[in-house]
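K.L.:
How does the following fold in three dimensions:
(2 chains)
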Amino acid sequence: MNAPVIETQGLTKRYGDFVAVDSLDLSVLPGHVFGLLGPNGSGKTTTILMLLGLTEPTEGQVRVLGFDPERQPLSVKSRVGYLPDQVGFYDDLTARENLIYIAKLNGLRRDEAHRRADDALARMGLADVADHPVGTFSRGMRQRLGVAEVLLKQPQLIIMDEPTQGLDPEAAREFLEIIRQLRAEGITVLLSSHLLHQVQEVCDHVGLFHRGRMVLEGTVQELARQVLGSAYRIHLELAEPSEAVERALSQVPGIQKVVHRGEGRYELEAQEDHRAQVARAVVEAGGQLLALDVDAPSLDEIYAHYFQEVEHVPA
Amino acid sequence: MSQLELTQAQRVREQRAREGSPWTGLWAVVVKEMADHLTSVRMRILELLIILTAGGTVYAALQNLRQGAGQDRFLFLRLFTTSREPLPAFIGFLGFLIPLVAIALAFDAINGEFNQRTLSRVLAQPIYRDALLMGKFLAGFFTLALVLAAIWLLIMGLGIIGLGLPPSGEEVARSLWFLVVALFYGGIWLALAMLFSVIFRQPATAALASIAVWLFFTVFWDMIVGVLVPVLSPVRFGLPEERIAQIETALTLTRLSPNTLYTEATIGLLSPSVRSFGLVLPSQLQGAILGTPLPLGQSLLLIWPQLTGLIAATILLFALGYILFQRQEIRA
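P.N.:
This next block holds a predicted model:
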């Protein structure tokens, strides 16, 4: 089963003259966690709404789990769970009542609806507050209730729009753990976010959105290589910096750039983690190594670097 | 094989129709919305108000009727129509309580979901938008029917106790038809408030707009008709034809208001001796025995245009709201 879960070709949405999404080709494989990244207003939410058939595309083709969301919205929506940004519930109803309503809209029978609602609430740690009105819930609890609602359908694909926005760090960390669990169960997840370090933690693949286009796509490593050139930065500190050591460093295979930051501190750029070779080169050249460290590529850096570059190009 | 590579025939078939029924999930929406209506504080207040007015007006009517009891064949219907100063008759009260209830039931139907951010979540379930809007309308309609039926039973009960007589079959039939009229009169305001709840993002705006329309027809429409009629069909030479034309213009214009339709239909049903709402010329009265009641079938014929007018307006307003809602972008 390796056919893509989500596949779009030339997907475009225009509002008048404004192009919200511009000929998007997206392909998400089963079992992956795919992150849509981009600044606000770059077309992430519009893309998600088109995948669910909640907004009609102006042009292009969409297939979600093999169905066309525009013509077969019921088949798509009964298999796909959607967690909108700033998820809302009926505040006067209890958590359980909210879930039962959604279960009924999905055509579940009464006993089945109750069983699944109880399971989902227990799984999200909301069993104790199942009969409290949702109006009393915190943001993090609502978000977990949102996931409980999505799990109710037993979906093959879950789409989350800015799921960690507005959560405190602890709640956000818990939420990312939930996403990892879903992935371990083989559920495909598509999530959009502009909180990059969080996306980096859970996503197998990311797509970078800018002005309605997906400008970059791949694993975090691939993006780093594309945008930053070198994915790893090695920091080292020497007791007595000398010309000889510096020369030795630049001759280590795989090191692309050596920058002297002053006071014996150096920054090296490499495509892979070459700490061992660097350490040997320093010692062999007679240098005294005080500290050696490496930065894995971070999405924040890729993102900042990319948007710095495009800002210089007039749109 | 890529899933995008569909056969031509499959694609043509898909493009012709959407799958499934637009009514999937309709009853789930109806049940949930009705439960909301019946437990909401808003409805409790209105129900209390209606029951108090029903009790008060019927009590006053009973006092009046006791004094002249025995002569009227339709004593029970008089419970609805008899007024005693300073209280208006019960049907008069209902004439402005029904719009109030209907507006209260629907003014935040759609924009409330928007503001609670539940709309996108609900529409992401395997239902069409049709089911949501229709379900909300039907829930309001059934709630209104429930309230009206309760009041009807209350009045009948009070009547049996107060008058010491059971109602006749025709009285029951006529008052039930009156309920149908009242229900569709409420349907208009329900559909109007729902239309405004689609158009305006703020529930308060939608409520005010609905109440503005209601005030316009209750208070200002008659005045505007009074101003318009002499302009549209002036009496220049004082001829009888001119006078008749003027009165007919006035009638046509006032009947554009749902309030007029409701009042006329109610009078036609609850006062069986009413034979016409317009101008009656002496020649048309030849052979008629004045003051004798019409049979139910004839009264229904008399009010048929008013009743269909009320139903048509309800459907029209609902259709308008439906079209706007289908085209609306659901993102906030």
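K.L.:
Find me the pLDDT at the closest residue to residue A:142 other than its chain neighbours, would you?
P.N.:
In this structure, residue A:142 finds its nearest non-sequential neighbour in residue A:87, 6.0 Å apart by CB to CB, 6 or more residues apart in numbering or on different chains. Bear in mind the C-beta positions are built from the backbone N, C-alpha and C, glycine included. pLDDT for residue A:87: 88.
K.L.:
Likewise for residue A:240?
P.N.:
The model reports residue A:240 with a pLDDT of 78.
K.L.:
How about residue B:71?
P.N.:
Spelled out, the predicted local distance difference test score at residue B:71 is 66.
K.L.:
Contacts only, for the residue nearest the centre of chain B.
P.N.:
Among the residues of chain B, the smallest C-alpha distance to the mean C-alpha position (CA atoms, centre = their mean) belongs to residue B:185, namely 1.4 Å. By CB atoms under 8 Å, 6 or more residues apart in numbering or on different chains, the contact list for residue B:185 reads B:95, B:98-99, B:258, B:261-262, B:310.
K.L.:
give me the low-pLDDT residue ranges for chain A?
P.N.:
Flagging of chain A using pLDDT under 70 yields the residue ranges A:1, A:229-231, A:311-315.
K.L.:
now the residue of it found nearest chain B: how far from residue A:54?
P.N.:
The nearest approach of chain A to chain B comes at residue A:88, 2.8 Å away (CB to the nearest CB). To residue A:54, residue A:88 is 15 Å away according to CB to CB, to the nearest Å.
K.L.:
Name the residues of chain A found near chain B, please.
P.N.:
Counting by CB under 8 Å from any CB of the partner chain, chain A comes close to chain B at A:3-4, A:7, A:9, A:45-46, A:49, A:52, A:54-55, A:61, A:63, A:66, A:68, A:71-75, A:77-78, A:80, A:82, A:84, A:86-92, A:101-102, A:104-107, A:146, A:149.
K.L.:
Filter those down to the buried ones.
P.N.:
The neighbour count (16 or more other CB atoms under 10 Å in any protein chain shown) marks A:4, A:7, A:9, A:45-46, A:49, A:52, A:54-55, A:61, A:63, A:66, A:68, A:71-75, A:77-78, A:80, A:82, A:84, A:87-90, A:101-102, A:104-107, A:146, A:149 as buried among the residues of chain A next to chain B.
K.L.:
Run me through the strand neighbours of the helix or strand containing residue A:14, direction for each.
P.N.:
Assignment of secondary structure by DSSP states H and E places residue A:14 within strand A:6-15. As defined by DSSP bridges, the strand partners of strand A:6-15 come to strand A:18-28 (antiparallel), strand A:59-64 (antiparallel).
K.L.:
which residues are contacting the shortest one?
P.N.:
The one in question is strand A:59-64. For strand A:59-64, the surrounding residues in contact (CB under 8 Å, 6+ apart) are A:4-12, A:23-24, A:50-52, A:68-70, A:76, A:80, A:157, B:3-4.
K.L.:
need the contact list for the spatially closest residue to the residue of chain A closest to chain B that is not a sequence neighbour.
P.N.:
In space, not counting the residues next to it along the chain, residue A:88 is nearest to residue B:117; the distance is 2.8 Å by CB to CB, 6+ apart. For residue B:117, the contacting residues are A:84, A:86-88, B:332, taking CB under 8 Å, 6+ apart as the criterion.
K.L.:
For stretch B:284-295, give the mean pLDDT please.
P.N.:
Confidence over stretch B:284-295 (mean pLDDT, whole number) is 78.
K.L.:
residues of that stretch that come out buried?
P.N.:
By 16+ other CB under 10 Å, the buried positions in stretch B:284-295 come out as B:293-294.
K.L.:
for that stretch, how far is the first residue from the last?
P.N.:
Using CA to CA, to the nearest Å, the end-to-end distance of stretch B:284-295 comes to 19 Å.
K.L.:
How far off centre is it?
P.N.:
Distance, stretch centre to chain centre, for stretch B:284-295: 30 Å (CA atoms, centre = their mean, to the nearest Å).
K.L.:
which residues are contacting it?
P.N.:
The set of residues that contact stretch B:284-295 without belonging to it, under CB under 8 Å, 6+ apart, is B:73-74, B:272-276, B:302.
K.L.:
of these, buried ones?
P.N.:
Applying 16+ other CB under 10 Å to these flags B:74, B:272, B:274-275, B:302 as buried.
K.L.:
so what does whichever strand or helix holds residue B:252 touch, helix or strand wise?
P.N.:
With the criterion set as DSSP H and E, the secondary-structure element containing residue B:252 is helix B:240-254. Here helix B:240-254 touches helix B:221-232, going by 3 or more CB pairs under 8 Å, 6 or more residues apart in numbering or on different chains; DSSP states H and E.
K.L.:
Please point out which parts of the helix it packs on sit buried.
P.N.:
Residues of helix B:221-232 classed as buried under the neighbour-count rule (16+ other CB under 10 Å) are B:221, B:225, B:229.
K.L.:
could you dump those residues to a markdown table with pLDDT and distance to residue A:136?
P.N.:
Shown next, in a markdown table, are the buried residues of helix B:221-232 (pLDDT from 0 to 100; distance: CB to CB, whole Å):
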| residue | pLDDT | distance to residue A:136 |
| --- | --- | --- |
| B:221 | 94 | 47 |
| B:225 | 94 | 53 |
| B:229 | 92 | 59 |
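K.L.:
near chain A at all, the one helix or strand residue B:308 maps to?
P.N.:
Assigned by DSSP H and E, residue B:308 falls within helix B:296-327. No - judged by CB under 8 Å from any CB, helix B:296-327 makes no contact with chain A; its nearest approach is 10.2 Å.
K.L.:
what helices or strands is that helix leaning on?
P.N.:
helix B:129-163, helix B:169-199, helix B:258-270.
K.L.:
Export these as JSON lines, with columns for mean pLDDT.
P.N.:
As requested, the helices and strands packed on helix B:296-327 are exported to JSON lines (pLDDT from 0 to 100):
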{"stretch": "helix B:129-163", "mean pLDDT": "93"}
{"stretch": "helix B:169-199", "mean pLDDT": "96"}
{"stretch": "helix B:258-270", "mean pLDDT": "93"}
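K.L.:
Now find how far off-centre stretch A:156-170 is within its chain.
P.N.:
Taking CA atoms, centre = their mean, one finds stretch A:156-170 lying 9 Å from the centre of the chain it belongs to.
K.L.:
now stretch B:74-84
P.N.:
Averaging C-alpha positions (CA atoms, centre = their mean) puts stretch B:74-84 21 Å from its chain's average.
K.L.:
May I see the buried residues of that stretch?
P.N.:
For stretch B:74-84, the neighbour count (16+ other CB under 10 Å) marks B:74-83 as buried.
K.L.:
Give me the mean pLDDT for that stretch.
P.N.:
The model assigns stretch B:74-84 a mean pLDDT of 84.
K.L.:
Can I get that stretch in PDB, CA atoms only?
P.N.:
The C-alpha coordinates for stretch B:74-84 follow below in PDB (Å, rounded to 0.1, in the frame of the first residue of the first chain):
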ATOM      1  CA  PHE B  74     -68.400  28.600  18.800                       C
ATOM      2  CA  LEU B  75     -67.700  29.500  22.400                       C
ATOM      3  CA  PHE B  76     -64.300  27.900  22.400                       C
ATOM      4  CA  LEU B  77     -63.100  29.900  19.500                       C
ATOM      5  CA  ARG B  78     -64.200  33.000  21.300                       C
ATOM      6  CA  LEU B  79     -61.600  32.200  23.900                       C
ATOM      7  CA  PHE B  80     -59.000  33.000  21.300                       C
ATOM      8  CA  THR B  81     -60.600  36.100  19.900                       C
ATOM      9  CA  THR B  82     -62.400  37.800  22.800                       C
ATOM     10  CA  SER B  83     -60.600  40.800  24.300                       C
ATOM     11  CA  ARG B  84     -61.400  42.600  27.500                       C
END
